[in-house]
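Peer 1: coords please:
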Amino acid sequence: MSTFIARWQELFRLEKEAIVTSDETVSFQDLGERVARASGVLRDGKASLEGRRVVLLVAPGSAWVEAFLGTVFAGGIAVPLSHLYPAAELAYFVENAAADTFVVSPEFAELARPFAEGRRILSPDDLRAGTSDGVAPIANDDDVALMLYTSGTTGRPKGAMITHENLAVQAELLRNAWGFTDKDRLLHALPLHHLHGLGISLMTALMSGASARMFPRFDAHRVWEGMAEATVFMGVPTMYHKLFEAFDAADEATRQRYAQSAGGLRLSTSGSAALPVTLSERWRKLTGSNPLERFGMTEIGVGMTNPLEGVRKAGSVGLPLPTVESRIVDESGKDVAEGESGELWIRGPSVFKGYWQNPEASAKAFTDGWFRTGDIAVRDEDGYVRLLGRSSVDILKSGGYKLSALEIEDALREHDAVSEIAVVGLPDEAWGECVVAVIVAKPGREKELEEAALRSWAKTRLAPYKVPRRVVVVPSLPRNAIGKVLKPEVKKLIASLDA
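Peer 2: Numbers count the residues shown, from 1 in each chain. The predicted structure follows:
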């Protein structure tokens, strides 16, 4: 039996609260009973799903956790997706994963309707109405438990295969590093189709015996109010920016209450993108401590973190966790000296298994067993690592999401008025990087590509967080002698236009 499942079977003996929402409070013991029923329904009389993929389109809360754990306990691979994806993206994920089962909340039923033919469609109520058949979970540590789609330099998202061992090791590492106990309550408002919200945040808390107050989505005012009863908050830089927007707009009495609640948190963390030093410092002045920054990716979980106790260096992602090996190498793969920059490589038991049905991408991602993160980093005299940016200009970080510029370009090229396009990221305090589409229009069709019109059109083809926040129409794109678009020059072009 996998270590991940064994840990959950221990937790299911606890009578204390596990998940709290506006509608219900569910204990670990109740959760265990529901997971057993869900597993039985999903297996449908079989001993195991044997690695079949199960798509989850479920609202955050206990129902989501039941569907996820029910799938894993049944021997399947959970594929969490977002209701924010437009139909074309959902279709790609479903077909690529070759999923034959959906678990869908009633409010998202219309999204699943186009995929119903030949597939089993279940609701959370269907899972809860089942009966446990008493079959023991069949899974090993090396079996894939979870598949999350992540963008890459090849454009189309790839399914990262995350094993039972990856999940168990990650939760144990962070429980120890961040001091989680069964007395903690996590304030959870992160999306569950990303590892930050699913594994780093939710699984770490619950697998420590802590409870999670789960919100259906991030809302700054509700999060501020929720801090009064929480001990831990995990967010991305955009969330901190929006929290301060709400804080500044509130009256003095409300600001005092918010500050007192935030100051009572045992731990606040920030990840998925670099936290601007200005936001980190403002949080420190408000609460007494900087948000704890760390480095994580879908493919590795959290590999490095600033310490819970001790020096937290603003702008640094800290030190490697136990079991995590790291290198910073030059273009030839040789280790660089302290203070010199190079690509960050990671190795350890939390590193994923590879990309689903994509052996070429999997092979490119590893060198001699080391995962190549694509991040350029430098290590200081204390061993702390600071990230300098991506090795590829085609990977952007916006609002905590890793985005592929090539994927966005491919989608926008479908607009009939677009002749040429380059998508770049510009530094932005709120979003990390602001996604900008720089477009050459077909003759006489510039008006069709005005920002509001193009953004509205793009929202039918891209998830909202992938839609460019700025659209700039130019006569031509800067290119080199062989015709390749020079994206650093594109950024300079935007800067000159702004000036």
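Peer 1: Looking at strand pairing, list the partners for the closest residue to residue 451 other than its chain neighbours.
Peer 2: Using CB to CB, 6 or more residues apart in numbering and skipping the chain neighbours, the partner closest in space to residue 451 is residue 471 (4.2 Å). For glycine as for every other residue, the C-beta is placed from the backbone atoms N, C-alpha and C. Beta-bridge partners for residue 471, by DSSP bridges, are residue 437.
Peer 1: My guess is residue 74 contacts residue 44. True?
Peer 2: No: with the criterion set as CB atoms under 8 Å, residue 74 and residue 44 do not qualify as a contacting pair; they are 9.2 Å apart.
Peer 1: Tell me which of those two has more neighbours.
Peer 2: residue 74 (28 against 13; other CB atoms under 10 Å).
Peer 1: which ones are touching that one?
Peer 2: In this structure, residue 74 makes contact with 38-39, 42-43, 48-49, 137, judged by CB atoms under 8 Å, 6 or more residues apart in numbering.
Peer 1: Let's see if you can find the most crowded of those.
Peer 2: residue 38 (29 neighbours).
Peer 1: hang on, it packs against residue 130?
Peer 2: Yes: Residue 38 is in contact with residue 130 according to CB under 8 Å; the separation is 6.7 Å.
Peer 1: Okay, now the unreliable bits of the stretch 51-200 of the chain?
Peer 2: 151-155 (pLDDT under 70).
Peer 1: tally of neighbours for the residue nearest to residue 198 when sequence neighbours are not counted?
Peer 2: Using CB to CB, 6+ apart and skipping residues adjacent in sequence, the residue nearest residue 198 is residue 192, 5.1 Å away. Around residue 192 sit 24 other residues, with neighbours defined as other CB under 10 Å.
Peer 1: Can you tell me what sits against the helix or strand residue 234 falls within?
Peer 2: Assigned by DSSP states H and E, residue 234 belongs to strand 232-235. Outside strand 232-235, the residues within contact range by CB under 8 Å, 6+ apart are 178, 180, 184-190, 196, 200-201, 205, 210, 218, 223, 227, 243, 262, 265-271, 291.
Peer 1: Would you mind writing the CA trace of whichever helix or strand comes after it as CSV?
Peer 2: Downstream of strand 232-235, the first helix or strand assigned by DSSP H and E is helix 237-249. Backbone C-alpha positions of helix 237-249 (Å, rounded to 0.1, in the frame of the first residue of the first chain) are rendered in CSV as follows:
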residue,chain,number,x,y,z
PRO,A,237,1.7,37.8,-4.9
THR,A,238,-1.5,38.9,-6.7
MET,A,239,-3.5,37.9,-3.7
TYR,A,240,-1.3,40.0,-1.4
HIS,A,241,-1.7,42.9,-3.8
LYS,A,242,-5.5,42.6,-3.8
LEU,A,243,-5.6,42.2,0.0
PHE,A,244,-3.9,45.6,0.3
GLU,A,245,-6.2,47.1,-2.2
ALA,A,246,-9.2,46.0,0.0
PHE,A,247,-7.3,47.1,3.1
ASP,A,248,-6.7,50.6,1.7
ALA,A,249,-10.3,51.0,0.7
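Peer 1: starting at the chain centroid, how far to helix 237-249?
Peer 2: Taking CA atoms, centre = their mean, to the nearest Å, the mean C-alpha location of helix 237-249 is offset from the chain mean by 20 Å.
Peer 1: Give the buried residues for stretch 130-137.
Peer 2: Buried residues in stretch 130-137, counted by 16 or more other CB atoms under 10 Å: 130, 135, 137.
Peer 1: quick check, nearest of those to residue 428?
Peer 2: Distance ranking of those against residue 428, using CB to CB, places residue 137 first at 45.0 Å.
Peer 1: quick one: secondary structure of the residue of the chain positioned farthest from its centre?
Peer 2: Ranked by distance from the centre of the chain (CA atoms, centre = their mean), the top residue is residue 444, with 40.7 Å. Secondary structure, DSSP: H, G, I helix; E, B strand; the rest coil: residue 444 is coil.
Peer 1: Can you give me the distance of it to residue 450?
Peer 2: Using CB to CB, to the nearest Å, residue 444 is found at 14 Å from residue 450.
Peer 1: Next: residue 463.
Peer 2: From residue 463 across to residue 450, the span is 22 Å (CB to CB).
Peer 1: Looking at those two now, which is surrounded by more residues?
Peer 2: Taking neighbours as other CB under 10 Å, residue 463 and residue 450 compare with residue 463 leading, 16 against 11.
Peer 1: Surely residue 489 is in a helix?
Peer 2: Yes: following the definition three-state DSSP, residue 489 is counted among the residues of a helix.
Peer 1: separation between it and residue 461?
Peer 2: When distance is defined by CB to CB, residue 489 is 27 Å away from residue 461.
Peer 1: got it, and residue 68?
Peer 2: 28 Å.
Peer 1: quick one, which of those two is more surrounded?
Peer 2: For residue 68 versus residue 461, the count of surrounding residues by other CB under 10 Å is larger for residue 68: 24 against 18.
Peer 1: Would you verify that the more buried one is located in a helix?
Peer 2: Yes: according to three-state DSSP, the state of residue 68 is that of a helix.
Peer 1: List the residues that contact it.
Peer 2: If you count contacts by CB under 8 Å, 6+ apart, residue 68 has them with 56, 78, 80, 198.
Peer 1: try residue 17
Peer 2: Contacts for residue 17 were tallied using CB under 8 Å, 6+ apart; they are 25-28, 211.
Peer 1: what does residue 349 give?
Peer 2: The neighbourhood of residue 349, defined by CB under 8 Å, 6+ apart, consists of 165-166, 169, 323.
Peer 1: Need the distance between the two termini of stretch 459-474.
Peer 2: With CA to CA, to the nearest Å as the measure, the ends of stretch 459-474 fall 22 Å from one another.
Peer 1: for stretch 221-232, same thing?
Peer 2: Start to finish, the residues bounding stretch 221-232 are 17 Å apart (CA to CA).
Peer 1: Mean confidence (pLDDT) on that stretch, please.
Peer 2: Throughout stretch 221-232, pLDDT has a mean value of 97.
Peer 1: same thing with stretch 29-38?
Peer 2: Confidence over stretch 29-38, taken as the mean pLDDT, stands at 97.
Peer 1: Need the residues that contact that stretch.
Peer 2: Stretch 29-38 is touched from outside by 8-9, 11-15, 18-19, 26, 62, 65-67, 69-71, 73-74, 127-132, with contacts defined as CB under 8 Å, 6+ apart.
Peer 1: Show me the helices in the stretch 51-200 of the chain, by range?
Peer 2: The residue ranges that make up the helices of the stretch 51-200 of the chain, judged by DSSP state H, counting those that start in this stretch, are 62-73, 87-97, 109-112, 124-128, 164-178, 195.
Peer 1: Select, out of the ones you listed, the one closest to residue 412.
Peer 2: The closest of the helices of the stretch 51-200 of the chain to residue 412 is helix 87-97. By CB to CB, the value is 13.0 Å.
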